[in-house]
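Participant: pasted the sequence and its predicted model underneath.
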Amino acid sequence: MTGVQTCALTIWGEYAAFVAATGTAPGAGCRKFNGTDMVADAALAWDKPGFEQSDKDPLVCVDWEETRAYLQWLGLRTGVEYRLLSEAEWEYVARAGTTTTRPWGDEPGRGNANCDGCGTEFDAKRTSPAGSFKANPFGVADMLGNVWERLEDCWHETYMGAPVDGTVWTVNGNCAQRVTRGGAWLSDAPDVRSALRNWDLSDNRKNTLGFRVARPF
């Protein structure tokens, strides 16, 4: 995994442990879809994202600085460095050695992920518990659909000048915008694919946006 020993989607129960241990909770307000656009709703928060979640559902409604605070705490608690994936690492893990549009094939199919039109009970309604769908050939689940995953890289329009070793790319990028990958429970099925690139503002909280933590070798 390009220098990554393991990577896992951050789930609600893990973040709740951080909040309980530190007394630090994200600020109020989170963006939700109103039928036309993603709009801010002051009543929403990480523990009230607008739909029910279990301890195993992916964490949503945290911004960049809140993500960093969790990663720092996790490292101090475990004595092991944790970080976000680079964009190159994310795509390597998502593809898992496959050459098709998605690790299970070229078509979205039915029951392979959580998205709008993926043929599951969660479609366009809410997040699904991590591991609800078959893992990819690397044994990693939820790389596509469920929640967009915030990455460490700053946004670049193209790959021109990108590091050739798969490391994080911040030089000459827009670091107010961080790369996101994978699609979410609200994404249209055709968009949930390994190659799709997107970005989000660092200070945005959304109920479609979470993050995956990586532990390097």
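Facilitator: Everything's here; your move.
Participant: now the helices for this structure?
Facilitator: With helices called from DSSP state H, the chain shows them at 12-22, 64-78, 87-95.
Participant: please identify the most buried of those.
Facilitator: helix 87-95 (a mean of 22; mean count of other C-beta atoms under 10 Å). Heads up, the C-betas are built off the backbone N, CA and C, glycines and all.
Participant: which residues sit against that one?
Facilitator: Helix 87-95 has contacts (C-beta atoms under 8 Å, 6 or more residues apart in numbering) with 1-4, 7, 85, 103, 136, 138, 140, 143-144, 149, 151, 153, 162-163, 166-167, 169, 179, 181-182, 194-195, 197, 212, 214.
Participant: tell me the contacts of the one residue sitting closest to the centre of the chain?
Facilitator: The residue lying closest to the centre of the chain (C-alpha atoms, centre = their mean) is Glu149, at 1.8 Å. Residues counted as contacts of Glu149 (C-beta under 8 Å, 6+ apart) are Leu9, Leu85, Trp90, Met143, Thr180, Arg181, Gly182, Gly210, Phe211, Arg212.
Participant: can you list the low-confidence ranges for this structure?
Facilitator: Scanning the chain for pLDDT under 70 picks out the ranges 1-3, 5, 217.
Participant: strands of that one, residue ranges please.
Facilitator: Using DSSP state E, the strands of the chain run over 4-9, 30-33, 38-41, 83-84, 148-155, 174-181, 197-201, 209-216.
Participant: CA atoms only for the second one, dumped as PDB, please.
Facilitator: Same thing as strand 30-33. Only the C-alpha atoms of strand 30-33 are listed here, as PDB (Å, rounded to 0.1, in the frame of the first residue of the first chain):
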ATOM      1  CA  CYS A  30     -23.000  21.200   9.000                       C
ATOM      2  CA  ARG A  31     -24.000  21.200   5.300                       C
ATOM      3  CA  LYS A  32     -26.800  19.000   4.000                       C
ATOM      4  CA  PHE A  33     -28.500  18.600   0.600                       C
END
